[in-house]
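In: What follows is a predicted protein model with its sequence.
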Amino acid sequence: MSQADVTGLGLTMFRISSWLKSPKPYLMVTGFMLLLATWYFTVEVWKLPRFQDMPGITEVFSEWFSKDPYYGLSIYTPEYYKHILISLRRIAYAFCLATVLGVPLGLFLGWSKTIRDFIFPLFEVFRPIPVLAWVPLAIIMFSGSETPVIFLTFLASFFATTLNTMLGVESIDESYSRAAYCLGASRWQTFKHVVVPGAMPYIFTGLQISIGVAWFSLVAGEMVSGQYGLGYLINTAYMMIEYPKIIIGMITLGVIGYSTSALVRLAGDYMMQWRVRELALGDN
Amino acid sequence: MNMIGEEMQPGLSKGAIRIEDVVKIYDPDGAAVMAVDHCSIDIPAGEICMIVGPSGCGKTTLLNAIAGFHGVTSGHIYLDNELLCSPEKPQAEPGSDRIVVFQNGALFPWKTNIDNIAFGPLMAGKLGKKEIYEKARSMMADAGLSGTENSYPGEVSSGLRRRVEIVRALMNDPKVLLFDEPYRALDSLTKSVMHEALLDIYYKNKVTIFFITHDLEEAIFLGHRLIIMTSRPCKPKKIVDVDIPHPRDYSVLTSPRFREIMNEAKGVVNEEAKKAFDAGEREG
Amino acid sequence: MKKPRKRSMLANERDNGMNIRKFRDGLFSKSTLRGISAIIIFGIIWELGARSEELFGYRWPFLGLVPAPSAVFVSWGGLIGDPSYWQSWYMSFLRVFAGFMAAVVIGIPLGLFMAVNKTFYGMAFPSFEVLRPIPPLAWVPASIIFWPTQELSIAFVTFLGAFYTIVINVLGGARSINKQFLQAAQSMGASQWDIFKRIILPATLPSIVVGAAVGMGITWEVVVAAEMISGGGSSGGGAGGGLGFFIWSSYVGGSYEQIIVGMISIGIAGYMSSELLRQTGGLLTPWLKTR
């Protein structure tokens, strides 16, 4: 049990210092510098053909952090945050709905063969159709410009969540449910105490994928239809020939997309303490 | 067989298993395979009965039939003269009177040790939560598990995990414990510690133990009686009484009587192992 | 002849008494029937929903706005003889193939190189991870600006979709190779190149196949979207059709049955490509078949 003593602040400090002593951080910085330098030199210094039409790094960043942006979009303009918030709101609706419907459905699909027999073939029929092929149908089925976009985003997430949850239930070692029956648990108690927590790792993998594809289809949906949102921002910037805004939109999408999936991972860690602790031991 | 009676506490009459002429045939891909062949075993209450045989000889099939994970093709199994399973009653309900300790361990990794131990009584719902946890704590203390109550199974050593699993089973006052090669994955040093710990627990809570193993030393050290099985199909080939008095400790291992019994059993076991190996060679 | 028997013995011990053959027969008949009936019931509900206005005088929500399956099939029948419909198939397949091949040709060596060269890994991987969260479709406008033709810009976005997945899978596969394989090879006197060719490459192959299969799915998603965005966004005929454009122009032209025809066509096309890939993958990794 001595390993347990080496957690907390001391361990973190130790990890940071050994990370700094390794070549990793320096290589990483070199990599970033190379990437940014390529962008800078090809576009703004050497003005290579094709590259010179692209927005340059200084142009983008001076616009982004300008108090008085030339194209009207920077971290000081409320419009920027409006795009972000609207995209986030759509993601939140779609992701939550997909989780609330997809996780229970996936659990039942994995748990009951009868339910799986009926529902899964339907799933398999719909799954090969790319979510984005639903765009026109979504516009026809749902009125307004907001619901179709949310529907598309939901659809993508829903498939990922449901399938992974189902796989999670199937992955549970049979001896766990047998042990539960041995200890006198009923079918429902086994579902609650074995199936749900046992499938948890897969559920959270599914949710990670789900949030990723949610952003993927949100951007597509916003580009095709919809008002406001980061995809919409990128597309209109292109049509209005306000090219730096395209890059600002892209980077913002990357940062926010990454943060949301980090949030999902944190939630997973919080709900699966046993895995966190096991992995922490394995690390030492 | 009666000789062990003297060592048992008087009045203990629960947990006698009678296996009568049991046959189990599998029919995969049309090729009928007989796993258990007209097998009859009588285990008096409170005996440690060691079922010895080469890996994959069908011992687990027998255990699963007792536990209620599947039925038998013909024959009867009784627990205290009550019918557990027969062809007419294809499958006994798994229940907390017969608890399996699984080969690879089936502690729920998502529950802390004490939550695992409290699981059975909590499911039964007869006792209050507070009482259950008090009992769990005292049983853990008895088994030398104090201090690991709030650890997850993944955080403690594999030997400790096995002990937790046995305590989890004993919490339900079972009549029979069914061990399916629980110490297979442990190294031999840990194993001998585990054996003493198991006997220690057994002396405090006399239950019938149906213990599957292929380790002859383990079998003789723990058991009142060895039942050496033939390899597929599985049926008793030779019964060896271990007349070394309980309580035993590791010094038994070097006693002359232990050697004698070992010699007596070794030849029979080897012959079966060879047969199984040759069969495996031919098939693989 | 020898091996399967042994396997069945093992299998039946694992399944513990489940009568496998009967179980499987039952599974086949019963669950196939169930699946088919579920799909038929769905079709009937859809048909009823789509015709709800004429049948019940009340339009069901959502489904009431969708063309009926019977109408879809009638419309499909009319399209089968139409060469421009098949032209759309051809165009989409071509784009998927181009983008996917580019991703395979660039992604696999890159992933392998990152796996074997620590310095390159340290430099490239963080940048890669920084770019990865940007959804491929967000690249569409930038790609249109950069590439001289629309065809190339679609190809680029398609490439990106599959590229990330393939690299991540190749890298993961190559880095998780059992160290003992390498040590064994070294102790038997294998050269660096031998180790790469005979150990790292085949050991990574299963991950490559998985990455490619996932990448193929994403490729179809991206192609459809890119065709819709470029066709729907810019003037007129886009970059020469494709199934995504087929759907979009059906929508713009108001022939809603054709939208569904297009969706089903894409579904079939996507399924065919993944199946093809899975078969190829199976041929490349025969040693996985036993599992």
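Out: Alright, I've got the coordinates.
In: use CA for all of it now, contacts and neighbours both
Out: OK.
In: Let me see the domain layout of the chain.
Out: By default, I'm working from chain A. A:2-54, A:78-283 (automatic domain parsing).
In: right idea, wrong chain: chain B
Out: Using automatic domain parsing, chain B is parsed into the domains B:14-97+B:174-283, B:109-173.
In: Correct me if wrong: A:Ala156 contacts A:Ser210.
Out: Yes: contact criterion Cα atoms under 8 Å: A:Ala156 and A:Ser210 qualify, at 7.0 Å.
In: re the thing from before, least reliable of the domains of chain B by average pLDDT, please.
Out: Mean pLDDT is lowest for domain B:14-97+B:174-283 out of the domains of chain B, coming in at a mean of 83.
In: what's the spacing between C:Val116 and A:Thr252?
Out: Using Cα to Cα, to the nearest Å, one gets 33 Å for the distance from C:Val116 to A:Thr252.
In: my bad, B:Ile209
Out: For B:Ile209 relative to A:Thr252 (Cα to Cα), the value is 64 Å.
In: So the two - more neighbours on which side?
Out: Per other Cα atoms under 10 Å in any protein chain shown, whichever of B:Ile209 and A:Thr252 has more neighbours is B:Ile209, with 27 against 16.
In: Let me see the contact set for residue 122.
Out: No chain specified, so I'll use chain A. A:Leu122 is in contact with C:Gly35, C:Ala38, C:Ile39, counting by Cα atoms under 8 Å, 6 or more residues apart in numbering or on different chains.
In: try again with chain C
Out: Residues in contact with C:Gly122 (Cα under 8 Å, 6+ apart) are A:Lys24, A:Leu27, A:Met28, A:Gly31.
In: For it, report the pLDDT, please.
Out: 91.
In: Could you report the distance from it to B:Ala35?
Out: 56 Å.
In: Which stretches in the stretch 1-150 of chain C count as strands?
Out: Read by DSSP state E, counting those that start in this stretch, the stretch 1-150 of chain C holds no strands at all.
In: no no, the stretch 51-200 of chain A
Out: According to DSSP E, counting those that start in this stretch, the stretch 51-200 of chain A contains no strands.
In: so how far is B:Thr230 from C:Thr158?
Out: 62 Å.
In: and what of A:Val276?
Out: A:Val276 is 45 Å from B:Thr230, where distance means Cα to Cα.
In: returning to what we had before: with distance to chain A added, can I get the domains of chain B in CSV?
Out: Below are the domains of chain B laid out as CSV (distance: least, Cα to the nearest Cα, whole Å):
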stretch, distance to chain A
domain B:14-97+B:174-283, 5
domain B:109-173, 5
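In: Mind checking those domains for the one nearest to chain C?
Out: Among those, the nearest to chain C by Cα to the nearest Cα is domain B:14-97+B:174-283 (4.9 Å).
In: where's B:Glu88, which helix or strand?
Out: Under DSSP states H and E, no helix or strand contains B:Glu88.
In: My error: substitute B:Ile227 in the last question.
Out: Residue-wise, B:Ile227 maps onto strand B:225-229 under DSSP H and E.
In: Show me which of the contacts of A:Leu122 is closest to chain B.
Out: C:Gly35 (24.3 Å).
In: what about that closest one, how many neighbours?
Out: Neighbours of C:Gly35 under the rule other Cα under 10 Å: 18.
In: hmm, back to that, next, format the contacts of C:Gly122 as JSON lines and append neighbour count, secondary structure and pLDDT.
Out: What follows is these, written out as JSON lines (neighbours: other Cα atoms under 10 Å in any protein chain shown; DSSP: H, G, I helix; E, B strand; the rest coil; pLDDT from 0 to 100):
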{"residue": "A:Lys24", "neighbour count": "17", "secondary structure": "helix", "pLDDT": "86"}
{"residue": "A:Leu27", "neighbour count": "20", "secondary structure": "helix", "pLDDT": "90"}
{"residue": "A:Met28", "neighbour count": "20", "secondary structure": "helix", "pLDDT": "90"}
{"residue": "A:Gly31", "neighbour count": "21", "secondary structure": "helix", "pLDDT": "91"}
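In: did I read that right, A:Arg277 in a helix?
Out: Yes: looking at A:Arg277 with DSSP: H, G, I helix; E, B strand; the rest coil, it is inside a helix.
In: Can you tell me how far it is from A:Thr12?
Out: 15 Å.
In: Would you mind telling me which of the two has more residues around it?
Out: Neighbour count, other Cα under 10 Å: between A:Arg277 and A:Thr12, A:Arg277 has more, with 17 against 12.
In: Find the nearest non-adjacent residue to the more buried one, please.
Out: B:Glu155 (7.0 Å; Cα to Cα, 6 or more residues apart in numbering or on different chains).
In: Touching, that neighbour and A:Ala280? I think so.
Out: No: with contact defined as Cα under 8 Å, B:Glu155 does not reach A:Ala280; the gap is 9.3 Å.
In: Can you name the residues that contact B:Phe69?
Out: By Cα under 8 Å, 6+ apart, B:Phe69 lies in contact with A:Arg178, B:Gln91, B:Ala92, B:Glu93, B:Pro94, C:Asn16.
In: Now go through the residues you listed and say which are in helices.
Out: Among the contacts of B:Phe69, DSSP state H puts A:Arg178 in helices.
In: okay, the contacts of B:Phe69 in TSV with neighbour count next?
Out: Shown next, in TSV, are the contacts of B:Phe69 (neighbours: other Cα atoms under 10 Å in any protein chain shown):
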residue	neighbour count
A:Arg178	22
B:Gln91	19
B:Ala92	20
B:Glu93	16
B:Pro94	25
C:Asn16	20
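In: more crowded one of C:Thr158 and B:Thr230?
Out: It is C:Thr158, of C:Thr158 and B:Thr230, that has more neighbours when counted by other Cα under 10 Å, with 33 against 26.
In: Can you show me the helices along the chain?
Out: Looking at chain A here, since you left the chain open. Going by DSSP H, chain A shows helices at A:9-21, A:24-40, A:57-64, A:78-111, A:113-126, A:135-141, A:146-171, A:174-182, A:187-190, A:196-224, A:230-239, A:243-271, A:273-283.
In: let's do chain C instead
Out: Using DSSP H, helices in chain C cover C:2-15, C:20-26, C:32-50, C:52-56, C:69-80, C:83-116, C:118-131, C:140-146, C:150-175, C:179-187, C:192-194, C:201-233, C:243-253, C:256-284.
In: Same check on chain B?
Out: Along chain B, counting by DSSP H, helices occupy B:59-67, B:113-124, B:129-142, B:158-170, B:188-204, B:216-222, B:256-283.
In: List of residues touching the second one?
Out: The contact list for helix B:113-124 (Cα under 8 Å, 6+ apart) reads A:180, A:183-186, A:189, B:96, B:107-108, B:127, B:129, B:132-133, B:136-137, B:148-153, B:164-165, B:167-169, B:171-172.
In: can we see that at 7 Å?
Out: Helix B:113-124 has contacts (Cα atoms under 7 Å, 6 or more residues apart in numbering or on different chains) with A:183-185, B:107-108, B:127, B:129, B:132-133, B:136, B:148-153, B:164, B:167-168, B:171-172.
In: list the buried ones in it?
Out: Neighbour counts over helix B:113-124 (16 or more other Cα atoms under 10 Å in any protein chain shown) mark B:Asn113, B:Ile114, B:Asp115, B:Asn116, B:Ile117, B:Ala118, B:Phe119, B:Gly120, B:Pro121, B:Leu122, B:Met123 as buried.
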